[in-house]
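Engineer: Predicted model and sequence follow; I will ask about them next.
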Amino acid sequence: MDYSVSGRDIILHQPDFDLDETLDCGQAFRWVKAGADCYEGYYLNSFLRISCENKAEGVFRLHDTDEADFLSQWYNYLDLSTDYGELKARFSEDETLAKACAFAGGIRILRQDKWEALSSFIISQNNNIPRIKGIIGRLVEHYGGYPSAEQLAVETAESLGFLRAGFRAKYLADAVGKLTSGALDLDVIAAQPLEQAKQSLMSIKGVGPKVAMCALLFGMHRTEAFPVDVWMKRALERWYPNGLPDCVKGYEGTAQQYLFHYIRHGL
């Protein structure tokens, strides 16, 4: 990774990064395509417009972003400290993962806010991406930004009717109640052993193994967390009936993203 300041923009040189594969792959729901090779979105309430200047050479422009904001927010959010080239080389010891990495080599795991990721994946249950984005959009519009759990403490499942989130409203309200009462602490959960952290999150009404693992992977950067949905069940049955290969140990969740994209779009 290398970068330079160009007027009011940051020019980022980053191989192993693709905007579509990272920002529109189902790990975050507040990014919208704003033209060819350009996205606009938010990390909590910080806005970013990012465009690809040269896909072959991995050159990106972060618009209206000064160096301080880049280093304090977007460097971490885009996980620019991780060498995905090295990870892909390691994963490619496995034949299937080698194909998956070659197919969608620009995936990165965003380092999202713990609460935003948890609440987003609670909303995502049995839902499609346009509807998830709609619910989150109504939440943000109502509060004038992404609300914290403390801001939502006044809400009930009934008062959240404006979200048109259906049964998910009561799950969101339960998560808020457990966090604001001190029954759960996301910082504590993030540091727990993986199975314990999963069980802690599953104490929230409506949070099952998949949502818990998504919250751990995408909101707490627990790269060993491996969310399993119908696509991953098929991948495991087809290629890994005896378990995942040793080459992904510690990064099972990162490998999951390559496999997920490959099995849905590459085969």
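Structural biologist: Arrived safely.

Engineer: Would you mind naming the helix or strand containing residue 148?
Structural biologist: Assigned by DSSP states H and E, residue 148 belongs to neither a helix nor a strand.

Engineer: residues contacting the residue nearest to it when sequence neighbours are not counted?
Structural biologist: Among residues not flanking residue 148 along the chain, residue 115 sits closest, at 6.5 Å (CB to CB, 6 or more residues apart in numbering). All C-beta spots, glycine's among them, are computed from the backbone N, C-alpha and C. Counting by CB atoms under 8 Å, 6 or more residues apart in numbering, residue 115 touches 148-149, 179, 186, 219.

Engineer: what's the helix or strand for the closest residue to residue 34 other than its chain neighbours?
Structural biologist: Nearest residue to residue 34, sequence neighbours excluded (CB to CB, 6+ apart): residue 40, at 4.5 Å. Using DSSP H and E, residue 40 falls within strand 38-43.

Engineer: Tell me which residues are up against that strand.
Structural biologist: Contacts of strand 38-43 (CB under 8 Å, 6+ apart): 19, 23-24, 28, 30-34, 47-52, 73-74, 77, 112-113, 146.

Engineer: pretty sure residue 213 is touching residue 197, no?
Structural biologist: No: if you go by CB atoms under 8 Å, residue 213 and residue 197 don't touch, sitting 9.5 Å apart.

Engineer: ok, the two, which is more surrounded?
Structural biologist: Neighbour count, other CB atoms under 10 Å: between residue 213 and residue 197, residue 213 has more, with 26 against 22.

Engineer: The more buried one: what's it in contact with?
Structural biologist: Contacts of residue 213 by CB under 8 Å, 6+ apart are 198, 225-228, 253.

Engineer: Tell me the buried residues within those residues.
Structural biologist: Among the contacts of residue 213, those scoring as buried are 198, 225-227, 253 (criterion: 16 or more other CB atoms under 10 Å).

Engineer: Pairing partners for the lengthiest strand in the chain, with directions?
Structural biologist: Ranked by number of residues, the top strand in the chain under DSSP state E is strand 46-54. Take DSSP bridges as the rule and strand 46-54 pairs in its sheet with strand 38-43 (antiparallel), strand 59-63 (antiparallel).

Engineer: Report the residue spans of the stretch 101-250 of the chain with pLDDT below the cut-off.
Structural biologist: Scanning the stretch 101-250 of the chain for pLDDT under 70 picks out nothing.

Engineer: Show residues contacting the helix or strand harbouring residue 255.
Structural biologist: Element membership for residue 255 (DSSP H and E) is helix 252-261. By CB under 8 Å, 6+ apart, the residues outside helix 252-261 that reach it are 21, 25-27, 87-88, 91, 96-97, 100-101, 103-104, 107, 109, 213, 216-217, 222-227, 231-232, 235, 244, 248.

Engineer: Now do it: distance to the chain's middle.
Structural biologist: Its chain's C-alpha centre and that of helix 252-261 lie 12 Å apart, by CA atoms, centre = their mean, to the nearest Å.

Engineer: ditto for stretch 188-196
Structural biologist: Relative to the mean C-alpha coordinate of its chain, stretch 188-196 is positioned 18 Å out (CA atoms, centre = their mean).

Engineer: quick one: buried residues of that stretch?
Structural biologist: Neighbour-count burial for stretch 188-196 flags 189-190, 192 (criterion: 16+ other CB under 10 Å).

Engineer: list the contacts for residue 45?
Structural biologist: 145-146.

Engineer: how far away is the residue nearest to residue 148 from residue 266?
Structural biologist: Plainly put, residue 115 is 33 Å away from residue 266 if you go by CB to CB, to the nearest Å.

Engineer: Residue 12 now?
Structural biologist: Noted for residue 12: a distance of 26 Å to residue 266, by CB to CB.

Engineer: Between these two, which is the more surrounded one?
Structural biologist: Legend: neighbour count by other CB under 10 Å for residue 12 and residue 266, higher for residue 12 (24 against 13).
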